[in-house]
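Colleague: Turn this into a model:
(one chain, ligands or ions: 3)
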Amino acid sequence: MKTLYVELGERSYPIHIGPGLLRRTDLLQPAIHGRQVMIVTNETIAPLYLESTQQGLAGFEVRSVILPDGEQYKNLDTLNRIFDALLEHRFNRKCTLVALGGGVIGDLAGFAAASYQRGVDFIQIPTTLLAQVDSSVGGKTGVNHRLGKNMIGAFHQPNCVLADTDTLSTLDDRQLAAGLAEIIKYGLIRDADFFNWLEQNMDLLTARDTDALIFAVARSCLNKAEVVAADERESGQRALLNLGHTFGHAIETGMGYGAWLHGEAIATGMLLAAQLSARQGWLEPGEVDRIGHLLARAGLPTRIPGDMSTQQFLDLMAVDKKVMDSGLRLVLLEAIGAAVVTDAFDPEQLRATLDAAHEE
Ligand SMILES: NC(=O)c1ccc[n+]([C@@H]2O[C@H](COP(=O)([O-])OP(=O)(O)OC[C@H]3O[C@@H](n4cnc5c(N)ncnc54)[C@H](O)[C@@H]3O)[C@@H](O)[C@H]2O)c1
Ligand SMILES: O=C(O)C(=O)C[C@@H](O)[C@H](O)[C@H](O)COP(=O)(O)O
Ligand SMILES: [Zn+2]
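Modeller: Residues are numbered from 1 along each chain as shown. Ligands and ions are numbered 1, 2, ... in the order given. Below you'll find the predicted structure:
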């Protein structure tokens, strides 16, 4: 097992990564301070991992709420189902919510914990590759709105992250690839050595080699933990974690939540960001080819869906939390391993990038 820390003073917390961690009561129980525990999960994950999670919580008053599965349920109505369960069971301010699942469950349970009785404890038990490398770490929680991704939410850090890499064995290939997109993101924004490693080891990752997966999860979490520790509430460098997301969120909203997986949309978005960076003369064209090739080897899409027009895309991109009074800001690349947040791109080059990237 590897343990990393998100260093946030009194609110610092560990990220435990490795096989067999669902059984490790010694890791889970010290992160719980009261008696009441609500496990938040969904109808796909519950039959797989709810019982073993409950077993690790013997001695507590444990309840669970099982939500419908899917990005289309990451909304205020589903959030309310968590509040219903908490109130029906008279959960008090010392309770702990346990998010058992992927990023959708983590974002919902985390936001419920941020707002129930003005804030209670929560623990992340991420069960997808994407959640283990990204969404369980850093305290961004929230839900989607019909008009925009993640538009309602709060920063609320977990007490602990328990990433049991054995849970990845039940994940299908499409979901594994979605996680690889966020892994590639760390290489692109700040870790060129990791990008090189990914080029050398992508075949091992897609073949689910255990050591390669554990290395990639840990290296990703290390990158994320460093960024979050330096800029918890995204007043500066944390925005780099949004590489590809202004484009990707437009695809997710435009196609209808759940049609494209978050990681798939972000993969396409990262290549678009690279292509625009090259049009601006900031990134070598050969680097764009390397990025496109690695994403394709991971099994990820890189073209804009044919039924979204460039204008629709631009309109959706304008609904983004990086938009300031001065307008749209994007994360663009100066090299593999070096990203910037900027509004100094030519809007015509953005339009041309989108025009050129549509599926045939
Ligand atoms: N808070 C953050 O910092 C952050 C970061 C990245 C992404 N996100 C959000 O995370 C969400 C995407 O997360 P995701 O990719 O985990 O999707 P997800 O939560 O929808 O999970 C993907 C699918 O896999 C299933 N599943 C989960 N674990 C499984 C397992 N071990 N075996 C079999 N099936 C399993 C789920 O039920 C679901 O059907 C998006 O809403 C995105 O916006 C948040
Ligand atoms: O943790 C962050 O910061 C990120 O931006 C991580 C992203 O991968 C993640 O998708 C996040 O939810 C996007 O945040 P948003 O603020 O653009 O909604
Ligand atoms: Zn993301």
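Colleague: what mean pLDDT does the helix or strand Phe83 falls within have?
Modeller: When secondary structure is defined by DSSP states H and E, Phe83 falls within helix 76-88. In this model, helix 76-88 carries a mean pLDDT of 98.
Colleague: Does that helix reach ligand 1?
Modeller: No. Applying Cβ under 6 Å from any ligand atom, one finds helix 76-88 out of contact with ligand 1, separated by at least 11.8 Å. Quick note: C-beta positions are derived from backbone N, CA and C, even for glycine.
Colleague: can you list the residues that contact that helix?
Modeller: Contacts with helix 76-88, where a contact means Cβ atoms under 8 Å, 6 or more residues apart in numbering, come from 38, 40, 63, 65, 67-68, 95, 97, 108-109, 111-112, 116, 143, 152.
Colleague: and the two most separated of those?
Modeller: Arg63 and Ile152 (25.1 Å; Cβ to Cβ).
Colleague: What residue in the stretch 51-200 of the chain comes nearest to ligand 2?
Modeller: When Cβ to the nearest ligand atom is the measure, the stretch 51-200 of the chain has its nearest residue to ligand 2 at Asn150, with 3.2 Å between them.
Colleague: Equivalent analysis for the stretch 151-300 of the chain, please.
Modeller: As assessed by Cβ to the nearest ligand atom, ligand 2 sits closest to Leu241 within the stretch 151-300 of the chain, at 3.7 Å.
Colleague: tell me the contacts of the residue lying closest to that residue once chain neighbours are set aside?
Modeller: Spatial nearest neighbour of Leu241, chain neighbours left out: Val227 (6.0 Å); criterion: Cβ to Cβ, 6 or more residues apart in numbering. Remark: with contacts taken as Cβ under 8 Å, 6+ apart, Val227 is in contact with Gly138, Arg190, Gln237, Arg238, Leu240, Leu241.
Colleague: Once you drop chain neighbours, what's closest to the residue nearest the centre of the chain?
Modeller: Computing the C-alpha centroid of the chain and ranking residues by Cα atoms, centre = their mean puts Ser135 first, at 3.4 Å. Leaving aside its chain neighbours, Ser135 sits nearest to Gly103 (3.6 Å; criterion: Cβ to Cβ, 6+ apart).
Colleague: so how many other residues sit close to that neighbour?
Modeller: With neighbours defined by other Cβ atoms under 10 Å, the count for Gly103 comes to 27.
Colleague: and if you look at the one 3 residues further on?
Modeller: With neighbours defined by other Cβ under 10 Å, the count for Gly106 comes to 29.
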